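Enquirer: Give me a 3D structure for the following:
(2 chains)
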Number of protein chains: 2
Amino acid sequence: MQIIDGKKIAGEIKAELKATTERWLREGKRPPHLAAVLVGSDGGSETYVAHKMKACEQTGFQSTLIRFDSRVSENELLERIARLNADEDVDGFIVQLPLPPHIDERKIIETIDPAKDVDGFHPVNAGRMMIGLPCLLPATPAGIMELLRRCRIETAGKRCAVLGRSNIVGKPIAMLMAQKTQSGNATVTICHSRTKDLADVTRQADIIIAAMGQPEMLTADMVKDGAVVIDVGTTRTPSADAKSGWKLKGDVKFDEVAPKCSYITPVPGGVGPMTIVSLLNNTLQAASLKRSSCNS
Amino acid sequence: MQIIDGKKIAGEIKAELKATTERWLREGKRPPHLAAVLVGSDGGSETYVAHKMKACEQTGFQSTLIRFDSRVSENELLERIARLNADEDVDGFIVQLPLPPHIDERKIIETIDPAKDVDGFHPVNAGRMMIGLPCLLPATPAGIMELLRRCRIETAGKRCAVLGRSNIVGKPIAMLMAQKTQSGNATVTICHSRTKDLADVTRQADIIIAAMGQPEMLTADMVKDGAVVIDVGTTRTPSADAKSGWKLKGDVKFDEVAPKCSYITPVPGGVGPMTIVSLLNNTLQAASLKRSSCNS
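Expert: Numbering: from 1, shown residues only, chains lettered A, B, ... in the order given. Model (predicted):
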């Protein structure tokens, strides 16, 4: 059994990104530039955005944090997005979700220029991904694919169970795993809250990608020997041991499932670190495409 | 065992569409208007477009056929599409595929206004479908969903095997069947050329949607008793019996599979007639949305 060290792999990719940034600087180009729009001061959002900004710093990317009060009007936000779309110095940007209830998240997402949509949430990117065209991939599924590739885990012809059908993980990872590509070609089953006999499906799977958001729902009896288990769950659960009063729990009952696996990702330190790295990758990709299209 | 009569169901829907068109006329509105662009004179394409135009006639829809010589330049075609996008009298239009090799099909598809893309091939429509937002659905998957609804076939919690991962059938029908909707909620497995032990997957399925384009590949031993079998295959195979010299064959070995099924679609007369009806439905939807958004 091998524990996939997402933190270490993410570190290696960051080093590669840093090398690219340094090369760009030597060639007289400015580094890739990621902007983040943060509305209000939700604790979780503050933490996520801070991690993203820190990752930019570590890799030599330029970063800009744009803050709005939680009472900002939808129009003001839309205008700021239009300016970011037009800003040639910004390669990609994200609007940290969730947004306050008076703002239409869908409208915000669909206003972002798909070529700068480094979260990969715009329908054009979702559609291009599904069709198999070049696009900006959503960060978590892209991170999972990268983990599988770096660990040289064979996917072609394997049975893969995807647990969860969210727009940001379940549906896109199912599509990517089934796609006719070297890192896809798996026979994918999409499971969800309405799935009957979930254990029957997971027991047949060579690769299980758990993204239900239900702490420790995947137990040892649901996993066949030698399976690859990717745990996307990250639920904060109360814990007396932790200083913060909570612990991050995955969808997998790690201690009992791990001994049966050929590969497994831990929580934290598995998929999580890869998600931020995917965002940087997307920013680099957006920057490269823009420059190749305008010859600068 | 019940044979799903796609032709009859399509006829019923056409009658409903005709009633809607007549109501619109009584209310002083013009009927929905579908335009089709046909490049060259490929036999198959001629037939398909003729069927679509005929269906318009049957339902009181306005239709326009725009023909181009196969040597038309890409630019000329793009300009015509721009005019169709701008033409307020055209609610929806299709560009019949395949196009000659000197024309970039992707570029053509992505030039169509997504709001008029009644084939549902534009990435915006594919992405919106995947995300579960209102959109124009690709015709064949929409037709299959409609058949299942009209036959009151329960999908929630059922195991569904989708055979094939094409952009126009396999991938979208897998997404629609897995979607959190009343006519979805199935546990969907996407199978394809790289799937091992296909029969193991299909034998577990309550619903099999075969869209591989391999004549009679689904045999009786691959189907469990009481399964629902939807056959999307339409391959022309040589036949001495037929006047034309060929016969349309589905992906299902009908004679031996049918007795095991609770429901099955024949070829021809199953999914095929529904596809054209879906195109009309999309045109009506495009017309309704346009009018509601401009209050006309």
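Enquirer: Show me how far stretch A:268-276 is from its chain's centre.
Expert: Distance of stretch A:268-276 from the chain centroid (CA atoms, centre = their mean, to the nearest Å) equals 8 Å.
Enquirer: let me fix that: stretch A:205-214
Expert: 15 Å.
Enquirer: now swap in stretch A:85-95 and tell me
Expert: Put simply, stretch A:85-95 sits 19 Å off its chain's centre (CA atoms, centre = their mean).
Enquirer: what's the answer for stretch A:64-82, then?
Expert: Its chain's C-alpha centre and that of stretch A:64-82 lie 23 Å apart, by CA atoms, centre = their mean.
Enquirer: Kindly report the same for stretch A:82-96.
Expert: Relative to its chain's centre, stretch A:82-96 lies at 19 Å (CA atoms, centre = their mean).
Enquirer: got it, and stretch A:245-260?
Expert: Mean C-alpha position of stretch A:245-260 versus that of the full chain (CA atoms, centre = their mean) differs by 20 Å.
Enquirer: mean confidence score for it?
Expert: The pLDDT scores in stretch A:245-260 average 96.
Enquirer: Could you do stretch A:48-60 as well?
Expert: Stretch A:48-60 comes out with an average pLDDT of 96.
Enquirer: Likewise for stretch A:135-142?
Expert: Mean predicted confidence for stretch A:135-142 is 97.
Enquirer: What are the contacting residues of it?
Expert: Identification of contacts with stretch A:135-142 by CB atoms under 8 Å, 6 or more residues apart in numbering or on different chains yields A:92, A:114-115, A:117-121, A:124-126, A:128-129, A:145, A:168-169, A:172-173, A:176, A:211, A:232, A:271, A:274-276, A:278-279, A:281-282, A:285-286. Bear in mind the C-beta positions are built from the backbone N, C-alpha and C, glycine included.
Enquirer: per-residue pLDDT, the closest residue to residue A:65 other than its chain neighbours?
Expert: In this structure, residue A:65 finds its nearest non-sequential neighbour in residue A:36, 5.4 Å apart by CB to CB, 6 or more residues apart in numbering or on different chains. Residue A:36 is assigned 98 on the pLDDT scale.
Enquirer: Could I get the full set of helices for chain A?
Expert: A:6-26, A:43-59, A:74-86, A:105-111, A:123-131, A:139-150, A:170-178, A:198-203, A:254-257, A:271-294 (DSSP state H).
Enquirer: what's the most buried one of the ones you listed?
Expert: Sort the helices of chain A by mean neighbour count, taking mean count of other CB atoms under 10 Å in any protein chain shown, and helix A:170-178 sits at the top with a mean of 27.
Enquirer: that older thread, let's have the helices of chain A in a markdown table, adding distance to residue A:192.
Expert: Formatted as a markdown table, the helices of chain A follow (distance: least, CB to CB, whole Å):
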| stretch | distance to residue A:192 |
| --- | --- |
| helix A:6-26 | 25 |
| helix A:43-59 | 24 |
| helix A:74-86 | 31 |
| helix A:105-111 | 22 |
| helix A:123-131 | 18 |
| helix A:139-150 | 16 |
| helix A:170-178 | 7 |
| helix A:198-203 | 9 |
| helix A:254-257 | 20 |
| helix A:271-294 | 19 |
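Enquirer: nearest to residue B:83, of those helices?
Expert: Closest to residue B:83 of the helices of chain A, according to CB to CB: helix A:123-131, at 23.1 Å.
Enquirer: Spell out for me which residue occupies the centre of chain A.
Expert: residue A:140 (1.9 Å; CA atoms, centre = their mean).
Enquirer: How many residues are close by the residue nearest to residue A:169 when sequence neighbours are not counted?
Expert: Using CB to CB, 6+ apart and skipping residues adjacent in sequence, the residue nearest residue A:169 is residue A:211, 4.2 Å away. Residues within reach of residue A:211, counting by other CB atoms under 10 Å in any protein chain shown, total 26.
Enquirer: Residue A:211 touches residue A:164, doesn't it?
Expert: Yes. If you go by CB atoms under 8 Å, residue A:211 and residue A:164 touch, sitting 3.7 Å apart.
Enquirer: joint contacts of these two?
Expert: Common neighbours of residue A:211 and residue A:164 are listed as A:170, A:232 (criterion: CB under 8 Å, 6+ apart).
Enquirer: Provide a list of residues in contact with residue A:52.
Expert: Contact analysis of residue A:52 by CB under 8 Å, 6+ apart lists A:34, A:36, A:63, A:94, A:276, A:279.
Enquirer: Reformat those residues as JSON lines; add distance to residue B:72.
Expert: As requested, those are arranged in JSON lines below (distance: CB to CB, whole Å):
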{"residue": "A:34", "distance to residue B:72": "43"}
{"residue": "A:36", "distance to residue B:72": "46"}
{"residue": "A:63", "distance to residue B:72": "48"}
{"residue": "A:94", "distance to residue B:72": "42"}
{"residue": "A:276", "distance to residue B:72": "48"}
{"residue": "A:279", "distance to residue B:72": "43"}
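Enquirer: quick one: which of these is nearest chain B?
Expert: Here the nearest of the contacts of residue A:52 to chain B, counting by CB to the nearest CB, is residue A:94; it sits at 17.1 Å.
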